[in-house]
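J.: I need the structure of the sequence given here:
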Amino acid sequence: MIKFGTGGWRAVIGDGFTKYNLQLLAAAMSHKMKAERVDDQGIVIGYDRRFLSKESMQWMAEVFAANGIHTWLINRSAPTPLAMFYTMEHDLPYGMMVTASHNPAIYNGVKVFTRGGRDADMEVTADIESYAGRIEAQRLAAYRLAGEKHDELFPIPFLPYADAVREGLIEEIFPINEYLDSILSDINTAAIRRANLRVALDPMYGVSETSIKTLLITARCDVATIHGNHDTLFGGKLPAPNEKAMRALSATVVDGGFDIGIATDGDADRIGVIDNNGRYLSPNDLLVVLYYYLEKYKGRKGPAVRNLCTTHVLDRLAEMFGEACYEVPVGFKWISSKMSESNALIGGESSGGLSIRGHIHGKDGIYAAALLVEMLAVTGKKMSEIFDDIREVVGRSVFVENNYRFRAEDKAKYLRIIMEDRAVPELPYEIDHVSYMDGCKVYFVNGGWISIRFSGTEPLLRVFAEMPTREMADEVCGIYKDCLKLGEV
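T.: Purely as a prediction, here's the structure:
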């Protein structure tokens, strides 16, 4: 009933995402915390602007309260990075965030963080699933014993919200200042103040506006916002900072003469950028740009980490700086873990999340936005100039992504073809090697690659490719599409 993917547990509202399942998740977490003897240390929970997010946070808090676990609730819709920061800064064993990130509006979900503000790894989430399964099995056994089938006979224990607040088991907080102060202490606000920059912001109806505007206005930027109102349907669009969704921001930048356009996803852990000419810069581009800035202008040193569906241009840039670039499976927990292991300077993924050493151990679109604005101020260059400078140094590649929806009953078939039979179609470019670390990834001798993997959050097959030209990238993707008989979303 509760199954974690690469970005937490997500489900359709009213289907898998129900009050009962949220209570079950909180009960499982409570049992886990008691077994680990950390229940006396408490937990923090935040929520975003999605439908039922605040209520979901409160329902879970009532279960924690019934188990005697003190719960700090962020009492206003807030960015996911804030909940991660609070978990880290206050040395809590666990934190949670009610969000489905960039998923469609019909979804909601919960992310779990571990000590240090890290995304919970597979071992932790499997443990939570196991506790949830045991609780459910006990309830079913009680039904059979009683000869009844009504949930209300064997509810998951909870303490009503008002009672829990009165008893001090639930405490409402809004720790935005300490989070923003931590970013301001790491950003060259003096340089930004001298630059007189104009920034267009698109929160995509999500939770980033207050944080980003506070940071940038503190640094004396001129900030204009589009799509800042609260809309649980996200304007009828996917709250993901991709090229299609950022067309309105591009027009705003060009028409208004802004230096940069910044967009974040629904819970503000991912970022997208429009340069001064209205050109969309992909998350791959931003990862490369920020690594270049940190190494060349800020003098910070260290390797890079990326997942296997992220640009290899980062590898070439790392090599130019005399550094390594490590490849890990999809899921930010793998990136943060490898960053800690290798003392990496930066880590990121093609879906828009990145992390920088010295900040939280996870994605933060708000911190990344502040750092990008600092880059413009410190270099004195336009975003378009910086991006073109890097291209001249490390060369150009074309990155494409295609998503294919499939029926649930077909997943086993695709798993067998891709992972068991390991059937690689005939491709027109010489293959260097093939990896099955996470799905199937084919590496070509010419430096290009193609990856086929299952989404961890939706019933999709994701096909990524990076090749010297667009035609070559589309060609290899088309071959796989035809071979697997896939239909585009």
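J.: how far is the helix or strand harbouring residue 291 from where the chain is centred?
T.: Per DSSP states H and E: residue 291 is located in helix 283-296. A distance of 18 Å separates the C-alpha centroid of helix 283-296 from that of its chain, computed with CA atoms, centre = their mean, to the nearest Å.
J.: For it, name the packing helices and strands.
T.: strand 271-274, strand 304-307, helix 313-320, strand 346-348, strand 354-356, helix 365-379, helix 383-394 (3 or more CB pairs under 8 Å, 6 or more residues apart in numbering; DSSP states H and E). The way it works is simple: take the backbone N, C-alpha and C, and place the C-beta from them, glycine included.
J.: Out of these, which one sits most buried?
T.: strand 346-348 (a mean of 30; mean count of other CB atoms under 10 Å).
J.: for it, packing partners?
T.: helix 283-296, strand 304-307, helix 332-342, strand 354-356.
J.: Can I get the helices and strands packed on helix 283-296 in CSV including mean pLDDT and distance to residue 118?
T.: Formatted as CSV, the helices and strands packed on helix 283-296 follow (pLDDT from 0 to 100; distance: least, CB to CB, whole Å):
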stretch, mean pLDDT, distance to residue 118
strand 271-274, 95, 20
strand 304-307, 97, 14
helix 313-320, 96, 22
strand 346-348, 96, 12
strand 354-356, 93, 10
helix 365-379, 97, 16
helix 383-394, 92, 30
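J.: highest average neighbour count across the helices and strands packed on strand 346-348?
T.: Taking mean count of other CB under 10 Å, strand 304-307 is the most buried of those, at a mean of 28.
J.: Any figure for the gap between the residue lying closest to residue 309 once chain neighbours are set aside and residue 449?
T.: Of all residues not flanking residue 309 in the chain, residue 464 sits nearest, at 4.5 Å (CB to CB, 6 or more residues apart in numbering). Noted for residue 464: a distance of 8 Å to residue 449, by CB to CB, to the nearest Å.
J.: Surely residue 73 touches residue 55?
T.: No - using CB atoms under 8 Å, residue 73 is not in contact with residue 55; the gap is 11.8 Å.
J.: the more surrounded of those two?
T.: Taking neighbours as other CB atoms under 10 Å, residue 73 and residue 55 compare with residue 73 leading, 23 against 14.
J.: Let me know the secondary structure of the more buried one.
T.: Look at residue 73: counting by DSSP: H, G, I helix; E, B strand; the rest coil, its state is strand.
J.: show me where pLDDT drops low in this structure?
T.: Regions of the chain meeting the criterion pLDDT under 70 cover residues 147-154, 457, 488-489.
J.: Try it again at 80.
T.: For the chain, the stretches with pLDDT under 80 are 1, 6, 142-155, 352, 456-458, 487-489.
J.: need the longest helix for it.
T.: helix 122-146 (DSSP state H).
J.: Residues contacting it, please?
T.: 1-4, 9, 24-25, 27-29, 31-32, 112, 114, 120, 149, 153-154, 156, 333 (CB atoms under 8 Å, 6 or more residues apart in numbering).
J.: Name the next helix or strand downstream of that helix, please.
T.: helix 161-166.
J.: wait, what's in contact with residue 158?
T.: Here residue 158 is in contact with 23, 59, 62-63, 65-66 (criterion: CB under 8 Å, 6+ apart).
J.: can the helices and strands packed on helix 283-296 go into CSV with extra columns for distance to residue 218?
T.: As requested, those are exported to CSV (distance: least, CB to CB, whole Å):
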stretch, distance to residue 218
strand 271-274, 19
strand 304-307, 30
helix 313-320, 31
strand 346-348, 24
strand 354-356, 20
helix 365-379, 10
helix 383-394, 21
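J.: Out of those, which is closest to residue 249?
T.: strand 271-274 (5.3 Å; CB to CB).
J.: Touching the following helix or strand past the closest one from outside, list them.
T.: Later in the chain than strand 271-274, the nearest helix or strand by DSSP H and E is strand 280-281. With contact meaning CB under 8 Å, 6+ apart, strand 280-281 is reached by 243, 246, 250, 272-275, 289, 383, 387.
J.: Export the helices and strands packed on strand 346-348 as TSV, with columns for distance to residue 172.
T.: Putting those into TSV (distance: least, CB to CB, whole Å) gives the following:
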stretch	distance to residue 172
helix 283-296	34
strand 304-307	36
helix 332-342	28
strand 354-356	28
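J.: what does the domain assignment say about this protein?
T.: 4-174, 178-394, 398-484 (automatic domain parsing).
J.: Shouldn't residue 463 be within a strand?
T.: Yes - using three-state DSSP, the secondary structure at residue 463 is a strand.
J.: Run a quick neighbour tally on it.
T.: For residue 463, using other CB under 10 Å, the count is 25.
J.: Specify the local secondary structure of the residue nearest to it when sequence neighbours are not counted.
T.: Nearest non-adjacent residue to residue 463, counting by CB to CB, 6+ apart: residue 402, 4.6 Å away. Secondary structure state of residue 402, per three-state DSSP, is strand.
J.: how much space between residue 402 and residue 475?
T.: In terms of CB to CB, residue 402 sits 12 Å off from residue 475.
J.: ditto for residue 212
T.: From residue 212 to residue 475 the distance is 40 Å (CB to CB).
J.: neighbour-wise, which of these two wins?
T.: A direct count of neighbours by other CB under 10 Å for residue 212 and residue 475 places residue 212 higher, at 28 against 16.
J.: Distance of residue 146 relative to residue 23?
T.: 20 Å.
J.: neighbour count winner among the two?
T.: Higher neighbour count among residue 146 and residue 23: residue 23, with 21 against 11, using other CB under 10 Å.
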